[in-house]
Structures are given as C-alpha cells and as structure tokens.
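In: sharing a model that was predicted from the sequence below.
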Amino acid sequence: MKPVVVAAGVALAASAGPASAEMWHLPDGAYVRADLGAGFGQNLTFTDTNPGAVNAFLGPNAGVASSTGSSVLFGAGIGLRINPKFRVDATFDYLPSLSQSGSGTGAAAGFSGHADLDAAVAMANVYVDLDGFFPGLLGPVQPFLSAGIGVSSNTLGTASAISKAGVPLTLSGATQTNFAWGVGVGAAYPLTPKLAVEASYKYLNLGSLITGTTATGPAGSAIVTAAKSGDLDVHTLALSLRYTF
C-alpha cells in the first residue's frame, strides 16, 4: 500500500461529496471508527543486554544494524466528539507484517539475521478539529491534528541467522510491552450527515524490541543473553470511516 492509495481515497470521497452545506458539519456525540492503511518502520540497532557475560550472544563492542519493513495496518476505535473543536477516542491498531533484517557491526561484523515482527497498539487520543475554529474555511474538508499515548506490544519472532563463521543458527523471539505515543495530521470529509471518511498520517513511537534467549545451531541449543533495540518509529498512512450515532 502506497501513499497514492490515500490520495485516491480522498479523491473518491470528494466525488461523492455532500449534497448541501448542512452536511459539512458532523454532529457531536459518540462515534465508532474503522481504519485501514500501512505502516513503514525506521531502521534500528540491536545491542547486547549484557555484553560482558560469558554467554553473551553479541558481546562487547558489537551490534546489529537492522532495517524494518512495512506492514498493512488494521484499526478500530470508539470515541466522543465533545464539540466542533475537540474530540477524543480510544483506538486499537495492529501491524501484523513488519520485519527485521540486519547485519552485524563492530565485533559482530559478518553476522546477519532476519525475523518477523508484529505490533499491537492501544492508545487514547485527542483531536483538534480546525473547522471548529474556522468554520467552512475549506468547505467540506475538515483538517485535524491528533496526539495520543498508550501501550504497544511488540512481538519479534524467531530470528534465522548466519554466524560470523558462516554457521546457520536461530535465536528465539520475545514480546516487549512499552509505553507508546503518537502525533498526526489528517482531514475528514462528510459523506452523509453522520458518516465521514478520513485520510491521515501518524508518527508512532512504539518503544523497543527484544530478542529471546535460546540460540540453536548444529550442535544444539544454549541459553544466551538477549539483544535489545532502540525505540521503533513507525510512519502510518490510513483511510478511515467514522460514524457518529
């Protein structure tokens, strides 16, 4: 899914525009939402959580520079439009098909690996609807700003890796739960007096990733120290439907 999909969705919504100016102003009250989009992760570096340990997986002065893939995004939420200027909602977003692919740096040069990644994010969000401050400024288009805080559960799957000596091995996966936050911008377009389509961009900080502690190779399995990343940043683009009761 590419950014052009979002633009096409907005154009489609515009072609089914409201029949009258009265439809531009969505009512206050409770609403539900459904979201579909894509997330694009940023690069990360993994380092050993205990590089001086006898069983350190990476060891001192070593790391893994990793790239994060993209994923479809599924979301849903329930909220309340307090007045024409402000609304709040609680959302749940799921990115099931991110990934990590990396190669060693420093003392780990020559090491490479790949692992699947998924992230589930629950957030409480607040929105500023700019049309409430400047009614009708952009006609039916209703831009907004958003910010949210919540919790992210990041699950890194089993990594398939090649050691510096060229030996194949696996490293078990693990789940890390973190504080998460995000900020965004978007625009809504009324389709009916109660139904609106939204196009939005959001930056999400989902906290860190961590590996498991079981390494398995041709000679068997061993317990090793985990490796941990810095914070995972994800840029999302989404199309949403919002229905007010």
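Out: Here it is on my side, so go on. Numbering: from 1, shown residues only.
In: return the distance of the longest strand anywhere in the chain from the chain's centre.
Out: Ordering each strand of the chain by length in residues (DSSP state E) puts strand 86-106 first. Remark: strand 86-106 is offset 3 Å from the chain centroid, using Cα atoms, centre = their mean, to the nearest Å.
In: what lines up beside it in the sheet?
Out: The pairing partners recorded for strand 86-106 under DSSP bridges are strand 62-68 (antiparallel), strand 70-81 (antiparallel), strand 112-129 (antiparallel).
In: in a markdown table: the ones you listed, plus mean neighbour count and distance to Ala215.
Out: Yep, even glycine has a C-beta here, placed from its N, CA and C like the rest. Formatted as a markdown table, these follow (neighbours: other Cβ atoms under 10 Å; distance: least, Cβ to Cβ, whole Å):
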| stretch | mean neighbour count | distance to Ala215 |
| --- | --- | --- |
| strand 62-68 | 20 | 14 |
| strand 70-81 | 18 | 27 |
| strand 112-129 | 19 | 11 |
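In: kindly reformat those strands as a markdown table containing mean pLDDT.
Out: Shown next, in a markdown table, are those (pLDDT from 0 to 100):
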| stretch | mean pLDDT |
| --- | --- |
| strand 62-68 | 95 |
| strand 70-81 | 98 |
| strand 112-129 | 97 |
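In: using CSV, lay out those strands together with distance to Val88.
Out: Shown next, in CSV, are the strands paired with strand 86-106 (distance: least, Cβ to Cβ, whole Å):
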stretch, distance to Val88
strand 62-68, 30
strand 70-81, 6
strand 112-129, 5
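In: looking at those, which is closest to Leu36?
Out: strand 70-81 (6.5 Å; Cβ to Cβ).
In: returning to that earlier point: with respect to Gly29, which of the strands paired with strand 86-106 lies nearest?
Out: In this view, the strands paired with strand 86-106 are compared for proximity to Gly29 by Cβ to Cβ, and strand 70-81 is the closest at 6.1 Å.
In: so how far is that closest one off the chain centroid?
Out: Put simply, strand 70-81 sits 10 Å off its chain's centre (Cα atoms, centre = their mean).
In: contact partners of it?
Out: Identification of contacts with strand 70-81 by Cβ atoms under 8 Å, 6 or more residues apart in numbering yields 1, 26-41, 87-98, 118, 125, 129, 236, 238, 240, 244.
In: mind checking how far Pro60 is from Gly106?
Out: Using Cβ to Cβ, to the nearest Å, one gets 9 Å for the distance from Pro60 to Gly106.
In: which residues touch Leu156?
Out: Leu156 is in contact with Gln100, Ala115, Asp116, Leu117, Gly173, Ala174, Thr175, Gln176, Leu209, Ile210, Thr211, Gly212, counting by Cβ under 8 Å, 6+ apart.
In: can you list these in CSV and add distance to Glu198?
Out: Output for these, formatted as CSV (distance: Cβ to Cβ, whole Å):
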residue, distance to Glu198
Gln100, 30
Ala115, 33
Asp116, 30
Leu117, 27
Gly173, 34
Ala174, 35
Thr175, 30
Gln176, 30
Leu209, 29
Ile210, 34
Thr211, 37
Gly212, 38
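In: among those, who's most crowded?
Out: Thr211 (30 neighbours; other Cβ atoms under 10 Å).
In: how about that residue: what's its closest non-neighbour residue?
Out: Ala227 (4.7 Å; Cβ to Cβ, 6 or more residues apart in numbering).
In: please name the bridge partners of Thr91.
Out: Beta-bridge partners, per DSSP bridges, of Thr91: Gly77, Met123.
In: all further residue positions should be reported with the first residue as 14.
Out: All set: I'll call the first residue 14, so the last point we hit is now Thr104.
In: for it, give me the pLDDT.
Out: If you check Thr104, the pLDDT there is 98.
In: much appreciated, bye for now.
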